[in-house]
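> Just the structure for this:
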Amino acid sequence: MSAVNIRELARAEVRALPLYAATDAADCTIDVSNTLNLWGAPPAAQRALADAPAAALARYPAVYAGPLRSAVLRYAGLEGADGVGVVTGCGSDDVLDSAMRAFGAPGDRLAFSAPTFSMIPVFARLNRLEPVAIPLTAGYDVDAERLVEIGAKITYLCTPNNPTATALSRAAVEYVAAHAAGIVLIDEAYAEFAPETFVDLAARYERVIVTRTFSKAFGLAGLRVGYGIGGRDAAGMVERARGPYKVNAMAERAALAALDESPDALGWVRAHAALAVENRERLAEALRAMGFASLPSAANFVFVSSAHAVALARRMRERGVRVGALAGLPRDLEALAASNGEALRIGVGPWEMMQRVLHVLEESS
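Just a heads-up that it's a prediction; the model follows:
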């Protein structure tokens, strides 16, 4: 029997990709490295999981999460909107990956602004697309005309942007939505913390798909559930590429409970999103007082460029606090050029937690 070289059998795109470097906070008392809801999950969602019947575990979930899709449209203010559809997935990144698979053929281009969500070029390459990066403008907006000029089959926008936390302008986003050659994916994972959202464009432009997640403001990251809103035909194509049963029964149950218009569901989510915004501004002010400049944030985290970011994060971890350390970022922007492409990403949570983060940052500087 001849030997088999498994690496040679694997696709070249897969061999070239490293595994995702997930953070391990087991040795930390405080972890603000991920952009999650640091207050937890809505009581209504927790109760829905605790009260789930045993039979729910033994049965398949809804094939395409029909009840959740209807609840999402109500939440987005698009219930009854003509021609609008919803596709759900195992996190919004699953929806983004499925959209690339649905609309991109091998060799097609995917245009995006850099820096942005690190998985976008990864998903593009796995789907045999050519990722084309265009630097953000000096004001941390997308260069809309340059993105459109690429003529890409798929254009990706992220607002508020990860990792910079900055919001894109309505003018730039609408320009791309109106003039792009193909599908426009607008990633709104942090919509609940932003001054404005763009889900209305999904009802105005057939090419637009807006993706969101229950992992951030809704505090359900452990359940991995997200969705995309777009034209009914566009959402239907993504659903075909996504496949059935992608949202498990417990995730759908919790997400539905969290979308209820009650104080311990959506009321809780909105109250804690507002608290995150309040603490975000307090954190940014405190950082400035310490000599750290953060970019204007519209998300539930702050982005601090520093030439010593990686070393700072290591020293903070030794003191029991984990923050996000970013390196190798594009240096087209002034702040990143000055920091040699290094930055800290600090999630926002209860103020007592933020005080501890600030204290350890000062000790580590």
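> so where do the strands sit in this structure?
30-31, 84-89, 109-114, 130-135, 154-158, 183-187, 208-213, 226-231, 301-305, 321-322, 324-326, 343-347 (DSSP state E).
> so which of those gets nearest Arg7?
Nearest to Arg7 among the strands of the chain is strand 130-135 (23.4 Å), distances taken as CB to CB. The C-beta positions use only the backbone N, C-alpha and C, and glycine is treated the same way.
> which other residues reach the closest one?
107-114, 120-121, 124-125, 142-143, 146-147, 150, 152, 330, 332-333 (CB atoms under 8 Å, 6 or more residues apart in numbering).
> circling back: and the strands of the chain: which comes nearest Val14?
Going by CB to CB, the one of the strands of the chain nearest Val14 is strand 130-135, 15.8 Å.
> Direction included, what does the closest one pair against?
Strand pairing for strand 130-135, using DSSP bridges, gives strand 109-114 (parallel).
> Okay, helices next: where are they in the stretch 1-150 of the chain?
Using DSSP state H, counting those that start in this stretch, the helices of the stretch 1-150 of the chain run over 6-9, 12-15, 43-50, 55-58, 66-75, 92-103, 119-126, 144-149.
> hey, which of the ones you listed is tucked in deepest?
Mean neighbour count, computed with mean count of other CB atoms under 10 Å, is highest for helix 92-103 among the helices of the stretch 1-150 of the chain, reaching a mean of 24.
> Centre of the chain to that one, how far?
Per CA atoms, centre = their mean, to the nearest Å, the displacement of helix 92-103 from the mean C-alpha position of its chain is 13 Å.
> and it, what other elements does it pack with?
Applying 3 or more CB pairs under 8 Å, 6 or more residues apart in numbering; DSSP states H and E, one finds that helix 92-103 contacts strand 84-89, helix 119-126, strand 154-158, strand 183-187, strand 208-213, strand 226-231, helix 232-242.
> Dump that helix to CSV, keeping only the CA atoms.
Output of helix 92-103 as CSV, limited to C-alpha atoms (Å, rounded to 0.1, in the frame of the first residue of the first chain):
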residue,chain,number,x,y,z
SER,A,92,-22.1,36.5,11.0
ASP,A,93,-18.7,35.3,9.7
ASP,A,94,-20.5,32.1,8.5
VAL,A,95,-22.9,34.4,6.6
LEU,A,96,-20.0,36.3,5.1
ASP,A,97,-18.2,33.1,4.0
SER,A,98,-21.4,31.7,2.5
ALA,A,99,-22.0,35.0,0.6
MET,A,100,-18.5,34.7,-0.9
ARG,A,101,-19.3,31.1,-1.9
ALA,A,102,-22.6,32.1,-3.3
PHE,A,103,-21.5,34.9,-5.5
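> So what touches that helix?
So helix 92-103 is contacted by 87-89, 110, 117, 119-120, 123-124, 126-127, 129, 153-154, 156, 182-183, 185, 187, 189, 209, 211-213, 215, 224, 226-228, 237-242, 246 (CB under 8 Å, 6+ apart).
> go again using 7 Å as the cut-off
With CB atoms under 7 Å, 6 or more residues apart in numbering as the test, helix 92-103 has contacts from 87, 89, 110, 119, 123-124, 127, 129, 153-154, 182-183, 185, 187, 189, 209, 211-213, 226-228, 237-238, 240-242, 246.
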